[in-house]
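Participant: sequence first, then the predicted structure:
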Amino acid sequence: MPLATALIIAAEGAEEASDVNPILPATNELFYAAVTFFLLWALMKWVFLPPLQKVMAERDDKVRGDLDAADHARAEAELARARYDEELSSARAEASRLVEDARGRAEAKRAEILAAAEAEIAELRAAANAEIAEAKAAAITELRQSVASIAVSAAEAVVQHQLDAAAQQRVIEDYVNRSASVN
Amino acid sequence: MSVTQTLATIAQTLPDGAGVDDAQNIAAAQGAGMAYGLAAIGPGIGIGYLVGQSVQAMARQPEAAGMVRTTMFLGIAFTEALALIGFVVFILLKFA
Amino acid sequence: MSLLPTLLIAAGEGGGLHYPSIEDLVEWPGIPAWEGAFYDFNKIAFINVLAVILTSMLFIFSDTKSLVPRGFRNLAEMAVDFFDKGIIGQTIGHGGEKYLPFIASIFFFVFFANIFEVIPLFHMPASARMATPLFLGVLTLVFFVAVGLKHQGPKYFFNACFPPGVPKPLYLLVAPIEFLSTFIVRPFSLAVRLFANLLAGHILIVTFGVLSITLFTASALVLILPFSFLMLCAMVGFEIMVSFLQAYVFAILAAVYIGGALHPEH
């Protein structure tokens, strides 16, 4: 058992060893460790940390306040936007209503105008038709009268110049030419 | 094997002129090396297992990584203490 | 079996590798006139004083006039935030704000006592001597017992030794263990953890330093020198991390103990 042996030997050796064990703390080092640590602790507690923590807390508060303010402003902006949106949509509805209205009115007007024009046209057409018919009738009457008179005149002429065929022919032609020039 | 026998065995292998102190030093050095070597086995396995599990935990739940890391360091500190006590025993055996 | 002792003795007699003894590594002479007195001022005491001065400088140079942090105050605020949220908030929780000065002092004191391990011209952690860690460990014990007595009265000792939820007969076993672990093991484990970590780191750095120097003078072995030197550099980086981590662990364990004394249910 080399381990046990070594342990025993080491224990025996430790009793004999005159020099200081490297594990044991030295008094002067303990003293300075205590003094310096208590100094550092006191400085930390009363000098270094309070202002730093204070300013950090202040900054935290400020950041929190700023964030709150930003939230608030955003909420307000949201509200204003909603209001604006609402107004906009109502205005848009109004405008479309107006446009719709105007269109309706224009449509009605157009129909009206159209109807009036059609009526007028129909009236005019009827008048024209009547006039034409009247003129036609007048022309037929006139023609009938002139044909009759021509026939009567021609017959007269024929009767006046019975003996001479050539003369008759001439008379007829003469008459015809005359009536033609009259006509 | 008794202490005297061990010392005698070591003394026989020593060159001429070496005293009992040298024999003691050699035995202490052997014991010290073995003490530290044995003390390092357990904590080595332990820390490896601990860190491995912690990494697994952190990979599964990255949002809990901070807490796992703190606990891991605590665990390492406790486990490592065993190896370090072994090291102190080494120092005691070798130099005290 | 005969090779190893021969080598060891050869090394001891000033062979190739001369390794300094542990006393040469960690013990420092004081002022000769004060030799042996309790106020003997040596390197360790000087490092402790420097820890106070450096911490003070951090706070003195951080200007607390304006709301916006500048320069050193960024660092100071980061530290305070870290103690507040990372250490106290995680362990003590509600009602732990008033222990901030203690935790902050512990952290800064331990950190600066550690970090001198890698600062040139010092290369000695004050925590590698038992004095600083032991003092801080015992002070933490006194502090958390005081907190417990203040908040729970004399019942604190009873609460500490008799945790709830244990079957009655088991208290015969549990109470002594709890008493030992709370009032004996806690301060000494705090102290030994810090001390052994820093002493181990110091010895490691010394080992690689000595190895580098030895290899530099030896002829053919100089080829191994770069590896030894790189290892030394890596150790310095590692020890910076250890310095911070040990300060953090010490502070967080102190906070855990204070929290346990503050809230009896834990």
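Facilitator: Good, I have the coordinates. Numbering: from 1, shown residues only, chains lettered A, B, ... in the order given.
Participant: hey, let's count contacts and neighbours off CA atoms from now on
Facilitator: Fine.
Participant: and the stretch 51-200 of chain C, which residues reach chain A?
Facilitator: Contacts of the stretch 51-200 of chain C with chain A, taken as CA under 8 Å from any CA of the partner chain, map to C:52, C:56, C:59-60, C:64-68, C:77, C:101-102, C:104-105, C:109, C:129-132, C:134-135.
Participant: which of those are buried? Put it as a PyMOL command.
Facilitator: To isolate the buried subset of those in PyMOL, counting by 16 or more other CA atoms under 10 Å in any protein chain shown, use the following:
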select buried, chain C and resi 52+56+59+60+64+77+101+102+104+105+109+129+130+131+132+134+135
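Participant: give me the neighbour count for A:Pro22.
Facilitator: Using other CA atoms under 10 Å in any protein chain shown as the criterion, A:Pro22 is surrounded by 20 other residues.
Participant: go on, C:Thr140?
Facilitator: Close neighbours of C:Thr140, defined as other CA under 10 Å, add up to 25.
Participant: now it: which helix or strand?
Facilitator: Using DSSP states H and E, C:Thr140 maps to helix C:131-152.
Participant: same thing with A:Asp174?
Facilitator: Counting by DSSP H and E, the element that carries A:Asp174 is helix A:165-182.
Participant: can you spell out which helices and strands pack onto that helix?
Facilitator: When contacts are defined as 3 or more CA pairs under 8 Å, 6 or more residues apart in numbering or on different chains; DSSP states H and E, helix A:165-182 sits against helix A:49-160.
Participant: what's the pLDDT at A:Gln162?
Facilitator: On pLDDT, A:Gln162 comes in at 61.
Participant: for the record, mean pLDDT for the next helix-or-strand element following the helix holding C:Thr140?
Facilitator: Downstream of helix C:131-152, the first helix or strand assigned by DSSP H and E is helix C:155-161. Mean pLDDT, helix C:155-161: 87.
Participant: who are the packing partners of helix C:155-161?
Facilitator: Packing contacts for helix C:155-161, counted by 3+ CA pairs under 8 Å, 6+ apart, involve helix C:131-152, helix C:171-180.
Participant: got the contact list for the residue positioned nearest the centre of chain A?
Facilitator: The centre of chain A sits closest to A:Arg92, judged by CA atoms, centre = their mean, with a distance of 10.6 Å. A:Arg92 makes no contacts at all, as judged by CA atoms under 8 Å, 6 or more residues apart in numbering or on different chains.
Participant: can you rerun that using 10 Å?
Facilitator: Shown in contact with A:Arg92 (CA atoms under 10 Å, 6 or more residues apart in numbering or on different chains): A:86, A:98.
Participant: if we can go back for a sec, weakest of the helices and strands packed on helix C:155-161 by average pLDDT?
Facilitator: helix C:171-180 (a mean of 90).
Participant: circling back: any idea which of the helices and strands packed on helix C:155-161 gets closest to C:Leu253?
Facilitator: Go through these one by one with CA to CA and the one that ends up closest to C:Leu253 is helix C:131-152, at 9.5 Å.
Participant: does any bit of that closest one sit next to chain B?
Facilitator: No: counting by CA under 10 Å from any CA of the partner chain, no contacts exist between helix C:131-152 and chain B, the nearest distance being 13.7 Å.
Participant: which elements pack onto that helix?
Facilitator: The helices and strands touching helix C:131-152, judged by 3 or more CA pairs under 10 Å, 6 or more residues apart in numbering or on different chains; DSSP states H and E, are helix A:27-43, helix C:43-60, helix C:100-115, helix C:155-161, helix C:186-217, helix C:225-262.
Participant: now the ones you listed in CSV, with distance to C:Leu141?
Facilitator: CSV is the format used below for the helices and strands packed on helix C:131-152 (distance: least, CA to CA, whole Å):
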stretch, distance to C:Leu141
helix A:27-43, 14
helix C:43-60, 21
helix C:100-115, 13
helix C:155-161, 13
helix C:186-217, 6
helix C:225-262, 8
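Participant: quick one on the thing from earlier: return the most buried member of the helices and strands packed on helix C:155-161.
Facilitator: helix C:131-152 (a mean of 21; mean count of other CA atoms under 10 Å in any protein chain shown).
Participant: what distance separates it from the middle of the whole chain?
Facilitator: Per CA atoms, centre = their mean, to the nearest Å, the displacement of helix C:131-152 from the mean C-alpha position of its chain is 16 Å.
Participant: give me the angle between it and helix C:43-60.
Facilitator: 60 degrees (axes from the mean of the first three to the mean of the last three CA atoms, to 10 degrees).
Participant: for helix C:131-152, list the C-alpha coordinates in CSV.
Facilitator: Output of helix C:131-152 as CSV, limited to C-alpha atoms (Å, rounded to 0.1, in the frame of the first residue of the first chain):
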residue,chain,number,x,y,z
ALA,C,131,-4.7,34.2,4.0
THR,C,132,-7.0,36.0,1.6
PRO,C,133,-9.3,33.1,0.8
LEU,C,134,-9.5,32.0,4.4
PHE,C,135,-10.3,35.5,5.6
LEU,C,136,-13.0,35.9,2.9
GLY,C,137,-14.4,32.5,3.6
VAL,C,138,-14.7,33.1,7.4
LEU,C,139,-16.0,36.6,6.8
THR,C,140,-18.7,35.1,4.5
LEU,C,141,-19.6,32.6,7.3
VAL,C,142,-19.9,35.5,9.8
PHE,C,143,-21.9,37.5,7.4
PHE,C,144,-24.4,34.9,6.5
VAL,C,145,-24.8,33.8,10.1
ALA,C,146,-25.4,37.4,11.0
VAL,C,147,-28.0,37.7,8.3
GLY,C,148,-29.7,34.5,9.5
LEU,C,149,-29.8,35.7,13.1
LYS,C,150,-31.1,39.0,12.0
HIS,C,151,-33.9,37.6,9.9
GLN,C,152,-34.8,34.4,11.8
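Participant: just to revisit the earlier point, tell me which residues in the helix holding A:Asp174 are buried?
Facilitator: A:168, A:171-172, A:175-176.
Participant: ok, the residues you listed vs chain C, which is closest?
Facilitator: Relative to chain C, the closest of these is A:Val176; by CA to the nearest CA it sits at 131.5 Å.
Participant: could you measure from the residue nearest to the closest one when sequence neighbours are not counted over to A:Ser181?
Facilitator: Counting by CA to CA, 6 or more residues apart in numbering or on different chains, A:Ala154 is the residue found nearest to A:Val176 once chain neighbours are left out, at 7.9 Å. Separation of A:Ala154 from A:Ser181 (CA to CA, to the nearest Å): 15 Å.
Participant: go on, C:Leu199?
Facilitator: Distance, C:Leu199 to A:Ser181, by CA to CA: 157 Å.
Participant: again with C:Leu172
Facilitator: Counting by CA to CA, the gap from C:Leu172 to A:Ser181 is 165 Å.
Participant: then A:Ala126?
Facilitator: Separation of A:Ala126 from A:Ser181 (CA to CA): 37 Å.
Participant: ditto for A:Ile23
Facilitator: Taken as CA to CA, the span from A:Ile23 to A:Ser181 is 166 Å.
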